[in-house]
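**Student:** pasting the structure only:
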């Protein structure tokens with residue numbers, strides 16, 4: 001016959017609570033021993049009762065050694081985490097600095113294209129800016145020409161439709 005589920009809430013009766021604590025503590029100690037024995041694991045268990053009494057189990061028979069090992073491990077994990085965070089922070093700072101440089105270069109290029117700040121430009125930079133402007137003008141003119149062609153084609157189609165309608169009306173008005 002199986003045990004029923006126990007509702008997880010504080011046991012109000014102090015005698016029942018003490019009996020339950022004692023039984024469960026002993027069961028927990030037994031499980032800790034079995035885990036260390038069967039799996040060759042280093043296990044340390046520390047339990048304080050309601051009244052402050054200490055109960056402990058250490059598979060290595062030296063609780064302090066296990067606790068020191070635990071704190072050393074936690075310190076190393078935290079240190080590794082901090083190192084990773086520092087590396088990520090440095091990488092983000094580098095990326096941000098790179099983006100700022102790119103943004104400044106784009107801003108300077110834009111100012112040159114607008115004809116601002118040309119006083120500090122060398123002859124080579126001025127030729128480069130001139131070539132960029134000429135290329136931009138060619139692109140703009142080509143797009144404008146394409147739009148004009150499309151508009152002309154659209155207007156011709158409109159004219160053709162209107163002529164067709166007039167001819168249709170003309171034939172309609174003379175045929176009885």
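**Tutor:** Looks like it arrived, so ask away. The structure presented is a predicted model; accordingly, all values stated were derived computationally and were not measured. Numbers count the residues shown, from 1 in each chain.
**Student:** CA only for contacts and neighbour counts going forward, please
**Tutor:** Fine.
**Student:** quick one: low-confidence parts of this structure?
**Tutor:** 1-2, 174-176 (pLDDT under 70).
**Student:** can you give me the strands in it?
**Tutor:** Assigned by DSSP state E, the strands in the chain fall at 44-48, 54-58.
**Student:** And those strands: which comes nearest residue 109?
**Tutor:** Residue 109 lies closest, by CA to CA, to one member of the strands of the chain: strand 44-48, at 66.9 Å.
**Student:** Which parts of the closest one count as buried, going by neighbours?
**Tutor:** For strand 44-48, a neighbour-count test (16 or more other CA atoms under 10 Å) marks 44-45 as buried.
**Student:** Quick one: residues in contact with that strand.
**Tutor:** 25, 29, 32, 54-59, 63, 66-67 (CA atoms under 8 Å, 6 or more residues apart in numbering).
**Student:** Okay, now the sheet partners of it, with direction.
**Tutor:** Note on strand 44-48: by DSSP bridges, its sheet partners are strand 54-58 (antiparallel).
**Student:** so how far is residue 81 from residue 136?
**Tutor:** Using CA to CA, to the nearest Å, residue 136 is found at 51 Å from residue 81.
**Student:** same deal with residue 96?
**Tutor:** Going from residue 96 to residue 81 by CA to CA gives 22 Å.
**Student:** okay, now residue 4: neighbour count?
**Tutor:** 6 (other CA atoms under 10 Å).
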